[in-house]
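> need a structure here:
(one chain, ligands or ions: 2)
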Amino acid sequence: MDSILQQIDVGDLVHADRVHRSVYTDPAIFDLEMDRIFGRAWVYIGHDSEVPEFGDYVTRTMGKRPVIMCRHTDGEVYVIHNSCGHRGAKVCVEPRGNAQPFQCPYHGWTFKTNGDLEAVSMPRGYGESLDMSDPGLGMRQLPKVDNYRGFVFACLDEDAESLDTWLGPVRQSIDDIADRSPSGKVRLTAGIHRYVFRGNWKFQLENTVDMYHVPFSHESTLNRQGKQFSRRKGDDSGSSISDAGAAAKRWEQREAWGAAENGHSYTGHQPVADKKRDDPIYQSYVESLEGKHTPERLAEVLAPRRHNTAFYPNMSLQALNQHVRVIYPISVDRTEIMVWPVLFEGVPDEMNQDIIRGLNVTHSAASLIQTDDLENFHRCQEGANAENSEWVWFARGLDTDHKDNHGDIINTGTGELPQRAQFVAWARLMAP
Ligand code: FES
Ligand SMILES: [Fe+2]
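Ligands and ions are numbered 1, 2, ... in the order given. Take a look at the predicted model:
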């Protein structure tokens, strides 16, 4: 199949109000995304609580590039290429483990947990020419790695801006969830929901910050009174998400925000019945936070303003059913999702178990909500093959977008501002 890139420039695929459907179907565009977007952006790799002990590691990808996040003897977390310095074989294939040291299965070279070459098998065969300190023979560290409150990001572009600058206002979403933990730390150690869907990776990214679809796609989660299931103890009534009347107005009134350049975005909070949560465990949790924050910050922390935050290009962090979700593109029409419950450190086990239970209902492969969206992604992928409109539209709310003090864009509720912000970043990162 010929690529549309033989006819037009990649920048012409994105307009202010629409994108060309080939961004979801053209394998050459997918390859370029893996190269440029995942080669230029700061990409979330993992959380440092996943590798607590020396030698602990997890394997991840940045686009198509295999990487390893591991804890070294100096106590620091490193991100290194998952490729042997000898002939390039992938060294680790397990999702997680403990290595002291890493050993390549092909010819047995070994590497320290910071990626340095440790030993070469049968070294006498190399004579004088072997320079063990040559980083080119190791599993090289990524040029930029940074950790914000336990969330580890890496970037392949040596000239990239700092992580702090890249994240900008979405750092606050990490602060909000970490500050809800009495120790200021969260743990992503409860296991992972993991599944693959038959659709392009961007469908999931767009959907994480799409409030327009909720009353329609998730209608089947309502009971006869128009209420959703209870999400947590104390929330007796469940959310109201119908497209009629007051509920629809509330969805429209929620805030949406999009970064001017880097593609991050968030949607406004869905009120939960926290104030009614009068069980003793929750009350003792609130008391444990009282000494940590000012009364104003405590109120903010307990009722976060943001619902879902999408960290461009492929991570989202949710405050309601608290989790980290990472989107791993496999091919132009196949994507893997991994979802981690975010647990608090220093709270009763029952509270963390409640968080895990809530997420089983909303974001597991067999959940009530995510399954609706996976169906949407399949349909978007199949529909993109029809010779109907060449364009996919994101015009909703475009004429009412306005700038905040930082030049970022804000709007209310159910507009398609977050998706427009994502494609502004897409076009910028995809440029030659
Ligand atoms: S490819 Fe790894 S030791 Fe040869
Ligand atoms: Fe949804």
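
> When you work out contacts or count neighbours from here on, use the C-alpha atoms and nothing else.
Will do.

> residues from the stretch 1-150 of the chain in reach of ligand 1?
Counting by Cα under 6 Å from any ligand atom, the stretch 1-150 of the chain comes close to ligand 1 at 84, 86-89, 104, 106-109.

> Figure out how far the helix or strand where C380 lies is from the centre of its chain.
Applying DSSP states H and E as the criterion places C380 in helix 370-383. Averaged C-alpha coordinates place helix 370-383 at 19 Å from its chain's average position (Cα atoms, centre = their mean, to the nearest Å).

> and the helix or strand just after that helix, how far from the chain's centre?
Using DSSP H and E, the helix or strand that follows helix 370-383 towards the C-terminus is strand 391-393. Per Cα atoms, centre = their mean, the displacement of strand 391-393 from the mean C-alpha position of its chain is 24 Å.

> list the helices and strands strand 391-393 packs on?
Under the contact criterion of 3 or more Cα pairs under 8 Å, 6 or more residues apart in numbering; DSSP states H and E, strand 391-393 touches strand 18-20.

> For the strand it packs on, name the packing helices and strands.
By 3+ Cα pairs under 8 Å, 6+ apart, strand 18-20 packs against strand 391-393.

> Other residues contacting the next helix or strand along the chain from the strand it packs on?
Downstream of strand 391-393, the next assigned helix or strand under DSSP H and E is strand 402-403. Residues from elsewhere that reach strand 402-403 (Cα atoms under 8 Å, 6 or more residues apart in numbering): 409-411.

> counting contacts, what elements does the helix holding C380 pack onto?
Taking 3+ Cα pairs under 8 Å, 6+ apart as the contact cut, helix 370-383 packs with strand 193-197, helix 201-208, helix 214-217.

> wait, isn't K144 in contact with E158?
Yes. Using Cα atoms under 8 Å, K144 is in contact with E158, at 6.6 Å.

> Comparing those two, which shows the higher neighbour count?
Ranked by neighbour count (other Cα atoms under 10 Å), K144 and E158 place K144 first, with 18 against 10.

> ok, that one - contacts?
Neighbours of K144 in contact, by Cα under 8 Å, 6+ apart: 154-158.

> So which bits of the helix holding C380 are buried?
370-374, 376-378, 380-381 (16 or more other Cα atoms under 10 Å).

> Out of those, which is nearest to W393?
The closest of the buried residues of helix 370-383 to W393 turns out to be C380 (Cα to Cα; 12.4 Å).

> so what's that closest one up against?
Going by Cα under 8 Å, 6+ apart, C380 touches 199, 203.

> just G184 next, same as before
Applying Cα under 8 Å, 6+ apart to G184 gives the contacts 178, 345.

> Make sure I have this right: it is in a strand.
No. Under DSSP: H, G, I helix; E, B strand; the rest coil, G184 sits outside any strand and is assigned coil.

> ok, and the closest non-adjacent residue to the residue of the stretch 101-250 of the chain found nearest ligand 1?
Distances between the stretch 101-250 of the chain and ligand 1 by Cα to the nearest ligand atom are smallest at H107, namely 3.7 Å. Excluding the flanking residues, the one nearest H107 by Cα to Cα, 6 or more residues apart in numbering is S121, at 7.0 Å.

> The one you found: how many residues sit nearby?
By the measure other Cα under 10 Å, the count of residues near S121 is 11.

> Can you check the pLDDT for it?
Model confidence at S121, given as pLDDT, is 96.

> again, but for S242
57.

> same check, this time on A248
67.

> all helices for this structure, in order.
Remark: helices assigned in the chain by DSSP state H are 27-32, 38-40, 163-167, 171-178, 201-208, 214-217, 245-253, 280-290, 295-302, 349-363, 370-383, 417-430.

> Most tightly packed of these?
For these, the largest average neighbour count (mean count of other Cα atoms under 10 Å) is found in helix 417-430, namely a mean of 23.

> Show me what that one is packed against.
Contacts defined by 3+ Cα pairs under 8 Å, 6+ apart place helix 417-430 against helix 201-208, strand 255-258, strand 265-268, strand 409-412.

> Listing partners with orientation, what would you give for the second one?
So the one you mean is strand 255-258. Strand pairing for strand 255-258, using DSSP bridges, gives strand 265-268 (antiparallel), strand 409-412 (antiparallel).

> contacting residues around E33?
Contacts of E33 (Cα under 8 Å, 6+ apart): 63, 430.

> Let me know the distance separating it from V424.
Per Cα to Cα, to the nearest Å, E33 is found 14 Å from V424.

> How about Y106?
Separation of Y106 from V424 (Cα to Cα) stands at 43 Å.

> again with L317
Using Cα to Cα, we find L317 at a distance of 21 Å from V424.

> quick one: pLDDT of H218?
With respect to pLDDT, H218 scores 85.

> What of the one 4 residues further on?
Per-residue confidence for L222 comes out at a pLDDT of 69.

> One more: G127?
Looking at G127, its pLDDT is 85.

> give the contact list for whichever residue of the stretch 251-400 of the chain sits closest to ligand 1.
With Cα to the nearest ligand atom, the shortest gap between the stretch 251-400 of the chain and ligand 1 falls at I330, namely 24.2 Å. Neighbour list for I330: 64, 336 [criterion: Cα under 8 Å, 6+ apart].

> still on that earlier bit, count the residues that sit near the residue of the stretch 101-250 of the chain closest to ligand 1.
14.

> Low-confidence regions, the stretch 51-200 of the chain specifically.
Within the stretch 51-200 of the chain, no range satisfies pLDDT under 70.

> Looks like N308 contacts A256 (just checking).
No. The criterion here is Cα under 8 Å, and N308 misses it with A256 at 9.9 Å.

> Overlap of the contact sets of those two?
Jointly contacting N308 and A256 under the rule Cα under 8 Å, 6+ apart are 266-268.

> hmm, back to that, for ligand 1, state which of the contacts of strand 402-403 is nearest.
I409 (48.5 Å).

> about what we covered before: possible to save the buried residues of helix 370-383 as JSON lines with pLDDT?
Shown next, in JSON lines, are the buried residues of helix 370-383 (pLDDT from 0 to 100):
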{"residue": "Q370", "pLDDT": "92"}
{"residue": "T371", "pLDDT": "92"}
{"residue": "D372", "pLDDT": "93"}
{"residue": "D373", "pLDDT": "95"}
{"residue": "L374", "pLDDT": "96"}
{"residue": "N376", "pLDDT": "97"}
{"residue": "F377", "pLDDT": "97"}
{"residue": "H378", "pLDDT": "97"}
{"residue": "C380", "pLDDT": "97"}
{"residue": "Q381", "pLDDT": "97"}
